[in-house]
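Novice: model the following, please.
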Amino acid sequence: MTEFTHLLATNYKKLIAQYLEEDVPSFDYGGYVVGEDEKVAILYCKAEGVLAGVPLFNEVFKQLGCRVEWYVKEGEWLKPQGKQEIARVYGTARHILLGERTALNIICRCSGIALRSRKVLELQKEKGFKGVIAATRKTTPGFRLVEKYGVLVGGLDTHRMDLSSMIMLKDNHIWSAGSITKAVQAARRAGGFALKIEVECQSEEEADEAIAAGADIVMLDNFTGEGLKKAAKSIKERWAAKGVNHFLIESSGGITYETCANYFCDDIDVLSMSTVTQGVPHVDFSLKISH
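Specialist: Predicted structure coming up:
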C-alpha cells in the first residue's frame, strides 16, 4: 500500500490542535479524576473497515505526550471476528482519555470512507472500467482533510481539494457570466496556463460550446447511464473528426455505489460521486485502558 503520510504538510498538526481545543475548551474534569498514572490502552476494531487516518490518530496522542504502537498497516482491509486488537496507546491515564474521542472520531470516519472507496475500486476492477473514479468537494466543514485522506487510502481519486485547486464552472457561474464561452474566457484569464478548467454541461450542445471555448474537462451532469454513454460517444467522435482531443469527459450527479457500474464506459474519463464521502457509515473502533 502506498504511503500517504508524506502528503501531509504541517497544517494537519494545527488542525488536530483545533480538534482537541474544541473538545476541551476549559477544564478536563475526567482527567482530574484519573490522574497521572502510566497506562496502556488497546485500540480494537469491531467491524469491517479499511484502516485509514493513522498519522492523524498518531498526531492526536503525540500532542498529548503519548505514543502509539500499531499492529496493522494503514490500508489493510479489516474483517474482525468479534474484535481485533490493532494498536496500543502508551501514556498517562488523563492524556489517553483526553485524546480518546478525538482520535476515535478521526479513525472511525476516515476508515469508513476508505472502506466505501475500496469497495468502489474493487467494483471498478471487476467491471474493467479504465477511467478515474473520484470523490467530490461535498465534505464535512473542518473535516475535509480527514475525509479526502480516507478516499486516497481507499484507492480512489480525491478530485479537487478546494476552490483553488481547479476551476470548475457550474450552472450558477455560467448564468452569472452570461454564457459558457464568457465564463471560460474569464476563467482562463484569471487561472492562466497552470489551472485546468472544467465546465458543467447539461447537454451535448453545452459540451460543444465548452470544448470550443477551450475547456479542459466537460462534466456531463445528471445524465442517465444510457444517456451518458450515448452523449459521451457522440461528443468524442464528433471532435475527433475535427482533430480535437485535448479534453476529458467527466460524469457526475446522483451516482452511487449501487448504480455506478451503469455509467462505466470507454468514453468516460472521470466518474465522480459524492456518496464516497456523504452518508458513509463509520467503522466501529474502541479504545480500552488495560486493567
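
Novice: what does the pLDDT read for residue 21?
Specialist: We have a pLDDT of 96 for residue 21.

Novice: next: residue 3.
Specialist: On the pLDDT scale, residue 3 is placed at 80.

Novice: next: the one 3 residues further on.
Specialist: The pLDDT attached to residue 6 in the predicted structure is 88.

Novice: OK, contacts around the residue nearest to residue 282 when sequence neighbours are not counted?
Specialist: What sits nearest to residue 282 in space, not counting adjacent residues and going by CB to CB, 6 or more residues apart in numbering, is residue 108, at 4.1 Å. All C-beta atoms are positioned from the backbone trio N, CA, C, and that covers glycine. Counting by CB atoms under 8 Å, 6 or more residues apart in numbering, residue 108 touches 282, 283, 284, 285.

Novice: any idea which of those has the most stuff around it?
Specialist: residue 285 (26 neighbours; other CB atoms under 10 Å).

Novice: now the contacts of residue 108 in JSON lines, with pLDDT?
Specialist: Below are the contacts of residue 108 laid out as JSON lines (pLDDT from 0 to 100):
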{"residue": "282", "pLDDT": "96"}
{"residue": "283", "pLDDT": "97"}
{"residue": "284", "pLDDT": "97"}
{"residue": "285", "pLDDT": "97"}
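
Novice: secondary structure class of the residue nearest to residue 282, three-state.
Specialist: helix (DSSP: H, G, I helix; E, B strand; the rest coil).

Novice: so what pLDDT did the closest residue to residue 50 other than its chain neighbours get?
Specialist: Of all residues not flanking residue 50 in the chain, residue 114 sits nearest, at 3.8 Å (CB to CB, 6+ apart). Residue 114 carries a pLDDT score of 98 in this model.

Novice: so which helix or strand takes in residue 114?
Specialist: In the assignment (DSSP states H and E), residue 114 maps to helix 93-127.

Novice: count the residues that sit near the nearest residue to residue 92 once chain neighbours are set aside.
Specialist: Sequence neighbours aside, residue 36 is the residue nearest to residue 92 in space, at 4.8 Å (criterion: CB to CB, 6+ apart). The tally of other residues near residue 36 (other CB under 10 Å) stands at 11.

Novice: which residues are in contact with residue 36?
Specialist: Residue 36 neighbours (CB under 8 Å, 6+ apart): 92, 93, 94.

Novice: could you pull up the residues touching residue 101?
Specialist: Contacts of residue 101 by CB under 8 Å, 6+ apart are residue 23.

Novice: relative to residue 36, how far out is it?
Specialist: 20 Å (CB to CB, to the nearest Å).

Novice: and if you look at residue 64?
Specialist: Distance of residue 64 to residue 36, given as CB to CB: 12 Å.

Novice: next one: residue 241
Specialist: Residue 241 sits 75 Å away from residue 36, taking CB to CB as the criterion.

Novice: I'd guessed residue 20 sits against residue 95; true?
Specialist: No - Residue 20 lies out of contact with residue 95 (CB atoms under 8 Å); the separation is 10.7 Å.

Novice: between these two, which one's more packed in?
Specialist: A count of neighbours by other CB under 10 Å puts residue 95 above the other of residue 20 and residue 95, at 22 against 18.

Novice: distance of that one relative to residue 265?
Specialist: Noted for residue 95: a distance of 53 Å to residue 265, by CB to CB.

Novice: and what of residue 111?
Specialist: Distance from residue 111 to residue 265, counting by CB to CB: 31 Å.

Novice: so these two - more neighbours on which side?
Specialist: Taking other CB under 10 Å, residue 111 and residue 265 do not tie; residue 111 has more neighbours (30 against 19).
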